[in-house]
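Colleague: Dropping the sequence and predicted coords here.
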Amino acid sequence: MNASPKKPSDETIIWRYMGLDKFLDLLINDTITFTKATIASDKNEIKWILKNLEETDEYKTHSEGAIKHIEKLRDTSYISCWTMKERESRPLWATYLDNSKQGVAIKTTVKKLINSIVWDDFDPSYQIVDYRDDFVFEELQSLNIAINTKNPAYLEESEVRFHIFCDDNHLPDRPEFEGIKNIVERKLTKRSENGKTLKFDINLNSLVSNIMISPYCSSWQRKNIEKLIENYHPELINRILESTIME
């Protein structure tokens, strides 16, 4: 059995590459979005372990329970994915920008991200994603492994994954459950109407170490992004980094 995915240190440098639409949401609304695992671009998100166990004898015997377990996990898991690279990554610009190639990369640390988000009643976890395709059936019992393992084809991402649960299961209508029900109801106010995202307030001044504007932006696009930063968060304008890519 492999070791479980490890937690990064507080001072680990992480980046988030994002298109202009996501950056504007962050900049203007001071919110960060966690996305439900079931709508991630990688269709094997939080079920990669199951896919790699399909030919085992244990899976053939316990497939129904295993599938229900993973489906429940995916349906209640919301994630925010960052890359654990100290420097700019050309492949990640290509992965996360749309055809317009407009966007930014936010540089921060694990500690800054955790401390800048208003978590309310949520209890976040965060781990370094483990890229592998060798599993044993017993590892399905580990939430850490199921949530934080991924196809080695995505190794370039070097992901640090921030994860939270949000479950709207109905609790019995009894006095002893009243406190828990109130917490669940408060949690659900963070969720979008379609249930696909959770939004949290975030302090950008505390979060941002640097902002790097896409090297593929034209000069006028770059100026517009700088103007938006200056209008909404002038304290960040001096934290803009120059890309090292010249193409």
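Modeller: Sure, I can see it.
Colleague: In terms of helix, strand or coil, where does V104 fall?
Modeller: Taking DSSP: H, G, I helix; E, B strand; the rest coil as the rule, one finds V104 in the strand state.
Colleague: State the distance from it to K43.
Modeller: Remark: distance between V104 and K43 (CB to CB, to the nearest Å) = 27 Å. C-beta coordinates here come from the backbone N, C-alpha and C atoms, glycine included.
Colleague: Mind checking which of the two has more residues around it?
Modeller: Comparing V104 with K43 by neighbour count (other CB atoms under 10 Å), the higher total belongs to V104, at 27 against 10.
Colleague: Might you report the residue contacts of the closest residue to the more buried one other than its chain neighbours?
Modeller: Counting by CB to CB, 6 or more residues apart in numbering, the nearest residue to V104 once its immediate chain neighbours are dropped is F23, at 5.0 Å. F23 makes contact with G103, V104, I225, according to CB atoms under 8 Å, 6 or more residues apart in numbering.
Colleague: Same check on Y96?
Modeller: Y17, M18, G19, G103 are the contacts of Y96 under CB under 8 Å, 6+ apart.
Colleague: Select from these the one having the most neighbours.
Modeller: Neighbour counts for those peak at Y17, which has 25 neighbours (criterion: other CB under 10 Å).
Colleague: tell me the contacts of that one?
Modeller: Under the criterion of CB under 8 Å, 6+ apart, the contact partners of Y17 comprise T83, S89, L92, W93, T95, Y96, L97, G103, V104, A105.
Colleague: Sort out for me which of those residues are in helices.
Modeller: Secondary structure from DSSP state H places L92, W93, T95, Y96 of these in helices.
Colleague: helix or strand right after the helix-or-strand element of the chain with minimal mean pLDDT?
Modeller: With mean pLDDT, DSSP states H and E as the measure, the helix or strand of the chain carrying the lowest mean pLDDT is helix 178-188 (a mean of 52). Remark: after helix 178-188, the chain's next helix or strand is strand 197-201, criterion DSSP states H and E.
Colleague: mind exporting that next one as PDB, just the C-alpha atoms?
Modeller: Output of strand 197-201 as PDB, limited to C-alpha atoms (Å, rounded to 0.1, in the frame of the first residue of the first chain):
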ATOM      1  CA  THR A 197     -20.100  25.800  -6.700                       C
ATOM      2  CA  LEU A 198     -19.500  27.200  -3.300                       C
ATOM      3  CA  LYS A 199     -18.400  30.800  -2.800                       C
ATOM      4  CA  PHE A 200     -16.400  32.200   0.100                       C
ATOM      5  CA  ASP A 201     -15.400  35.800   1.000                       C
END
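Colleague: What helix or strand is the spatially most central residue of the chain located in?
Modeller: Within the chain, one residue has its C-alpha closest to the average C-alpha position: by CA atoms, centre = their mean, that is S80, at 1.2 Å. With secondary structure defined by DSSP H and E, S80 is part of strand 77-83.
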